[in-house]
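J.: Sequence and predicted structure, then a few things I'm wondering about:
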Amino acid sequence: MLVENKFKILSDLINASSNEELIWMNGYLNGIVKNKTVQQPVVTESAAKKITIVYGTETGNSKRLATDFAAKAKQHHVHAKVVGMDQYRLTDLTKEEYLLAVVSTHGEGEPPAAAKKFYDHIHNNGFKLDKLKYGVLALGDTSYPLFCKTGEDVDLQLNKLGANRFVPLQKCDLEYDDEASNWFNTVLKNLNNKQSEATTITAVVAPVAKKGKQSYTGKVLTVINLNDKDSNKETYHIEIEAEGLEYQCGDSIGIIAENDSQVVTDIIATANIDGNKSLEFKKEKFTIYELLKRKINIIHLTERLVKQYATATGHTIPEGRADLLELVKKYPVKNTTQFEEILISLNAVSPRLYTIASSPTAHQGEVHIVVVKDTYTVNDKKRFGLCSDFLSKLKLNSSQQFFVQPNKRFRLPAENKDIIMVGPGTGIAAFRSFLAERDATGASGRNWLFFGEQHFASDFLYQTEIQNWFETGVLNKINLAFSRDQLEKIYVQHKMQQHGAELYEWLNGGASFFVCGKKHPMSIDVENTLLQIIEQHGNKTAEEAKKYLEQLEEEGRYEKDVY
């Protein structure tokens, strides 16, 4: 507490300061508190007075980082303009002096939808950017083979167009906070170095810190199909026990599936090769059988890999996806060497992430997930997704390896804060975790759940638990949407609309809004409905509603875990 005369001096200083000066003072004081030593502030003149930060995001992480960077830049007297790649005026690119790109990678090395316009523009146009100085921060997941591919592509293409890289490319794993912060500190340092304008820096990727993923070997306790026999779905509740298990509500676990043993045997027999022969794959030695069984993805190969197979074997193969067994049968390899070359060119089996459906307090020593068996049709034949099929066939008491993937952006708020949860289908996983945790800890915040599926009788996942939470007051409100139980399909967003006035009242009262489940089209429909509710019941324009939602996101009160 300040004495009166010091408080008056501080008040006078605040009242006489501009917004930019207040931001600077805030950063300076935070630095003093952090270092516990008072130093004289050093104000440096930046070589660049302004920069543009563009972001291409799939889940919002790139946008958050870009916004954080802009705030930090202002503290160093650098004006930063932040804009999404989908909103960026592409004709401005040749006029930019300093440009930072923060971009994630989606799917199999593809740019996220919001970045595609920018990505295509720099790849499909022959303009020159010899006056541009740029830096790229790439977000990705080292669990996937094409780690940070979009960021790498953007960095390389800007350089090809003549732009000068004034800060090295930085590739970040899911736990990116430290790497991103250090990278931006380098950005600021180079901006303040007047010699940096004439210097081209070779892209050197800093080592990615392997932190945040704790691996376990557990024992399978339960595998139960939650759907009734009349359902056209199979949704499995799986429980795994492990020693020293640590996670938080909102985290996920990653599991690497194994391929079917019979399919592996058939590939080896059809290709007429020795399954015991060793090959090097990703700098490790494996037998061909081990590669096919545990390391290489052999089902539903991408069009790119099918084309690679066609080129290697000399066969003409129709465009599309195919299983390796199908290819080997229809389009035989010429010899063992050719097959081995094809094998080591295939993608590694990628981990599949499943949102945790248990509470670390209520289910100590256990982790639960809910998995719907993925089905698709190829040539009129029903096929199953690799990992969901693998998990559905787990044997009780068998050993299963997995890792915990933290999700710092999807966390329960303080125990006295209200939450609104929208989780149709397997999206219920995160909210079973939330509700079990709040029940076990006696949290006082109110809880409102929107759940949906196809049929009440056969698809009401965790019905007994949810009803019990409602009866005991843990769950204050619940709205259900079973889309196929009436002629007109009803989804969770329709239930939100029906209760729009109360929903907006909860939001205005400080509630957090969570969405978990399918990205397309569910999460998009939910967000559009939420914007309509804010506009209608908040008496706002469409633009004001959008800003209101953006503010919720910045405050950590609008979070999505979608896939």
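T.: Good, I have the coordinates. Numbers count the residues shown, from 1 in each chain.
J.: Specify the beta-bridge partners of residue 216.
T.: residue 402 (DSSP bridges).
J.: My guess is it contacts residue 242. True?
T.: Yes. Contact criterion C-beta atoms under 8 Å: residue 216 and residue 242 qualify, at 4.2 Å. Any C-beta I mention is one placed from the backbone N, CA and C, and that applies to glycine too.
J.: joint contacts of those two?
T.: Common contact partners of residue 216 and residue 242 (C-beta atoms under 8 Å, 6 or more residues apart in numbering): residue 402.
J.: who's in contact with residue 252?
T.: 353-356, 404-405, 407, 561 are the contacts of residue 252 under C-beta under 8 Å, 6+ apart.
J.: Most neighbours among these, please name it.
T.: Among the contacts of residue 252, residue 355 has the most neighbours (other C-beta atoms under 10 Å), with 28 neighbours.
J.: how close does that one get to residue 249?
T.: Residue 355 is 10 Å from residue 249, where distance means C-beta to C-beta, to the nearest Å.
J.: Could you do residue 548 as well?
T.: Counting by C-beta to C-beta, the gap from residue 548 to residue 249 is 26 Å.
J.: between these two, which one's more packed in?
T.: More crowded of residue 548 and residue 249, by other C-beta under 10 Å: residue 249, with 24 against 20.
J.: any idea which element the nearest residue to the more buried one once chain neighbours are set aside lies in?
T.: Closest residue to residue 249 apart from its sequence neighbours, by C-beta to C-beta, 6 or more residues apart in numbering: residue 433 at 4.5 Å. Secondary structure from DSSP states H and E places residue 433 in helix 428-441.
J.: what do you get for residue 421?
T.: strand 419-422.
J.: how distant is that strand from the center of its chain?
T.: 19 Å (C-alpha atoms, centre = their mean, to the nearest Å).
J.: tell me the mean pLDDT over that strand?
T.: Mean per-residue pLDDT for strand 419-422: 98.
J.: Parallel or antiparallel, list what pairs with that strand.
T.: With DSSP bridges as the test, strand 419-422 pairs up with strand 447-453 (parallel), strand 512-517 (parallel).
J.: Could I have the CA atoms of it written out in PDB?
T.: Output in PDB follows, covering the C-alpha atoms of strand 419-422 (Å, rounded to 0.1, in the frame of the first residue of the first chain):
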ATOM      1  CA  ILE A 419     -19.400 -22.500 -17.300                       C
ATOM      2  CA  ILE A 420     -21.500 -23.200 -20.400                       C
ATOM      3  CA  MET A 421     -20.500 -26.400 -22.200                       C
ATOM      4  CA  VAL A 422     -21.500 -27.400 -25.800                       C
END
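J.: and residue 141, how many neighbours does it have?
T.: 19.
J.: can you tell me which residues contact it?
T.: 147, 173-174.
J.: Tell me if it really is in a strand.
T.: No. With DSSP: H, G, I helix; E, B strand; the rest coil as the criterion, residue 141 is located in coil rather than a strand.
J.: How about the backbone phi and psi for it?
T.: phi -140, psi 120 (degrees, to the nearest 10).
J.: now swap in residue 261 and tell me
T.: Torsion angles, degrees, to the nearest 10, at residue 261: phi -60, psi -40.
J.: In space, what's closest to it - neighbours in sequence excluded?
T.: Per C-beta to C-beta, 6+ apart, closest to residue 261 is residue 293, 6.8 Å.
J.: need the contact list for that neighbour.
T.: 258-259, 261, 264.
J.: Ends of stretch 266-284, what's the gap?
T.: Stretch 266-284 has an end-to-end distance of 24 Å (C-alpha to C-alpha, to the nearest Å).
J.: Any regions of the protein where pLDDT drops low?
T.: Low-confidence segments of the chain (pLDDT under 70): 1-48, 107-108, 143-145, 194-212.
J.: The same query, at a cut-off of 50, please.
T.: 1, 20, 33-47, 194-211 (pLDDT under 50).
J.: Assess the claim that residue 419 and residue 448 are in contact.
T.: Yes. Under the criterion of C-beta under 8 Å, residue 419 makes contact with residue 448 at 7.2 Å.
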